[in-house]
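Chemist: What follows is a predicted protein model with its sequence.
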Amino acid sequence: MAAFNAVGDQSIIVGEEDVNPEASYESFEVLIDDSTVFNGDISSMKQLKDEFVEDKKFDVCLWVKEKVENNHINNKVVTKLRIDK
C-alpha cells in the first residue's frame, strides 16, 4: 500500500504510507493517461485533483506498466489505480 505525496496534471507522486521520520524513502512519479482505470473511492483524475489535500493521506494500490515510448516523466504509466479515502 502506498500514499500520495502530490498530484499533478497528468501524474501522481506516491511513496510509502508508514515512514520513519529519521529514514529516507524514495518517491515515484508515474503517469496517468486516458487508459488508466480508477477503482475505489476516487473514480477520475479530476476527482482526485479536486479532493487531494497535501496533509490528508489516501491509501493507494497501483498497477504500473512499461510504456513503449518515453513520456515527459519516465517510461511508466499507471494501468489501474485503487484509491481508498
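Modeler: In hand now; what should we look at? Residues are numbered from 1 along each chain as shown.

Chemist: Mind telling me which residue is nearest the centre of the protein?
Modeler: By C-alpha atoms, centre = their mean, the mean C-alpha position of the chain lies nearest to I12, the distance being 4.0 Å.

Chemist: So in the protein, which strand runs the longest?
Modeler: Ranked by number of residues, the top strand in the chain under DSSP state E is strand 28-40.

Chemist: and the helix or strand just after that strand, which residues are buried?
Modeler: Remark: after strand 28-40, the chain's next helix or strand is helix 45-51, criterion DSSP states H and E. Buried residues in helix 45-51, counted by 16 or more other C-beta atoms under 10 Å: 45, 48. No exception for glycine: its C-beta is placed from N, CA and C like everyone else's.

Chemist: Which elements pack onto helix 45-51?
Modeler: Packing partners of helix 45-51 (3 or more C-beta pairs under 8 Å, 6 or more residues apart in numbering; DSSP states H and E): strand 28-40.

Chemist: Paired strands for the strand it packs on, with orientation please.
Modeler: strand 11-16 (antiparallel), strand 76-84 (parallel) (DSSP bridges).
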